[in-house]
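In: quick one, what's the 3D model for this:
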Amino acid sequence: MAQRTAAIFQPEFETLERHALEALQFERLQSLVERLRDANAIYRERLRGVAAPRSLDDLARLPFSTKADMRDAYPLGLLAVPERELARIHASSGTTGTPTVGAYTRHDLAVFGEVMARSLAAGGIAPGDMVQVAWGYGLFTGGLGAHGGCEKLGACAIPASSGNTARQMQLLEDLPVIGIGATPSYALVLAERFRNERRRPRSLRYAICGAEAWTPELRASIEDTFGVVATNIYGLTEIIGPGVAQECLEKRGMHVQEDHFLAEIVDPDTGLPVPDGTRGELVLTTLTREAMPVLRYRTRDLTARTRERCSCGRTTARIDWFTGRVDDMLVIRGVNVFPSAVEHALLAFAELTPNYRIVVERPPNGLDTMLVEVEYAPGAAFDDRERFAAQVTHRLAEALLVSLEVQLLEPGTIERIEAGKAKRVYDRRTL
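Out: Numbering: from 1, shown residues only. This is a model prediction of the structure:
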């Protein structure tokens, strides 16, 4: 399948020379700090005695924001505009605590549509293309965010939402759908169903995947099974939703929409900035958001940044695949384990699928146990199942530096999540 050359939706911003882009960022940062002092009591108190930034280097002297701040201010304590100016509200699921609310003015929704249009274009979508939006609609930002991006780009949105796989497959077979937006786990569900039923989408070429952690190995599995080019999109409710950063077809990192979002990488322990190329915690500042601007938000996502010009022509900074979240890290008998590292090691075996789960328990003796259950691929060839499981166990233990058990499961054993995010980790120590 020939890959088209993706157009740049807004070259006047996406290809700005670095000095001009940083001048724009600094101007907007100054305006943001001044507005936060005037418009929000929480930020006014937090910025008391803090000097106004005189350059982008002064960003590191400004206070951080965290998810706890947003939960403490629930629901609208961080508003910087009167409530009557709001045009929409989204919210996180709140499965791990108080939901995070995202409020938008009409200006914010215009920005949301703009950054999503840029993201769709970077992922291969062109004006006039049909795009099946298989992220959930509703309070979750994904569905409506992608829908607005399609309209801004001039593409045709199919509001399929998440789940109802039979209908999703029918749409992909009957309509000339060029692109699909979905969680990577659901893209894999669709790909597997098409393969198992010996069916194929009519015109699908591009999959833009995000809203949950995944790895380059899972991307390769989706591309091979689905016959698409899959790119990585990043966003979060606290900042705007999807579209904060998006991979182009060069697949060399996700381009941050830097005229709207100022990205830093800091040491997760000290909070101090680290050099480009060094892995650390991503920190984001919203430069143009009106309703709920955020200053130096600690995302807890671990990545690295480069500001080298991309061969696609974009000059914006790129962030790497996430190695995990600070919050998702499991501590097993004193060893730090990220689920993404488990997936990376498992998918080094062609005989295994990306369908796995991690079960951590603490038996009465007090020593934590870790079990990795993983499905083998249909038709996988291994003479001795126990010997192969031992090989996988050895590879994982070597990569993770922790002892564990691996159990091989028949294809289709692990429940497929059709709506929402895949659940990979079952930490029963907290029960």
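In: after the helix or strand of the chain with the lowest mean pLDDT, next one along is what?
Out: In the chain, the helix or strand scored least confidently by mean pLDDT, DSSP states H and E is strand 324-325, which has a mean of 80. Where DSSP states H and E defines the elements, the next helix or strand beyond strand 324-325 is strand 330-332.
In: what about that following strand, average pLDDT?
Out: Strand 330-332 comes out with an average pLDDT of 88.
In: packing partners for the least confident helix or strand of the chain?
Out: If contacts are counted by 3 or more Cβ pairs under 8 Å, 6 or more residues apart in numbering; DSSP states H and E, strand 324-325 sits against strand 297-303, helix 339-346. Placement of C-beta: from N, CA and C, glycine included.
In: where among these is average confidence lowest?
Out: helix 339-346 (a mean of 90).
In: that one: what's the following helix or strand?
Out: Remark: after helix 339-346, the chain's next helix or strand is strand 352-361, criterion DSSP H and E.
In: who are the packing partners of that next one?
Out: helix 216-226, strand 330-332, helix 339-346, strand 369-376, strand 425-427.
In: buried set for that strand?
Out: By 16 or more other Cβ atoms under 10 Å, the buried positions in strand 352-361 come out as 352-358, 360.
In: out of the residues you listed, which is nearest to Arg387?
Out: For the buried residues of strand 352-361, the residue nearest Arg387 by Cβ to Cβ is Leu352; the value is 14.6 Å.
In: the closest one touches Pro378, doesn't it?
Out: No: with contact defined as Cβ atoms under 8 Å, Leu352 does not reach Pro378; the gap is 11.6 Å.
In: give the residues shared as contacts by these two.
Out: Common contacts of Leu352 and Pro378 (Cβ atoms under 8 Å, 6 or more residues apart in numbering): none found.
In: and Gly277, how close does it get to Tyr356?
Out: Separation of Gly277 from Tyr356 (Cβ to Cβ, to the nearest Å): 30 Å.
In: cool, Asp58 as well?
Out: Where Tyr356 is concerned, Asp58 sits at a distance of 45 Å (Cβ to Cβ).
In: could you do Ala350 as well?
Out: As judged by Cβ to Cβ, Ala350 and Tyr356 stand 15 Å apart.
In: again, but for Ile233
Out: 23 Å.
In: and if you look at Arg35?
Out: Arg35 is 46 Å from Tyr356, where distance means Cβ to Cβ.
In: for Met292, what are its contacts?
Out: Counting by Cβ under 8 Å, 6+ apart, Met292 touches 78-80, 101-103, 286.
In: shaky segments in this structure?
Out: Residue ranges of the chain with pLDDT under 70: 1-3, 94-97, 430-431.
In: same thing but 90
Out: Along the chain, segments meeting pLDDT under 90 span 1-6, 92-99, 213, 323-331, 333-341, 362-367, 379-385, 416-423, 429-431.
In: please parse this protein into its domains.
Out: 11-323, 329-430 (automatic domain parsing).
In: chain center to the shortest one, what's the gap?
Out: It stands for domain 329-430. 22 Å (Cα atoms, centre = their mean, to the nearest Å).
In: excluding sequence neighbours, find me the nearest residue to the spatially most central residue of the chain.
Out: In the chain, the centroid-proximal residue (Cα atoms, centre = their mean) is Tyr234; its distance is 3.6 Å. Leaving aside its chain neighbours, Tyr234 sits nearest to Ala245 (4.3 Å; criterion: Cβ to Cβ, 6 or more residues apart in numbering).
In: who touches Glu418 in this structure?
Out: Glu418 touches 162-165, 186, 189, counting by Cβ under 8 Å, 6+ apart.
In: alright, that wraps it up for me.
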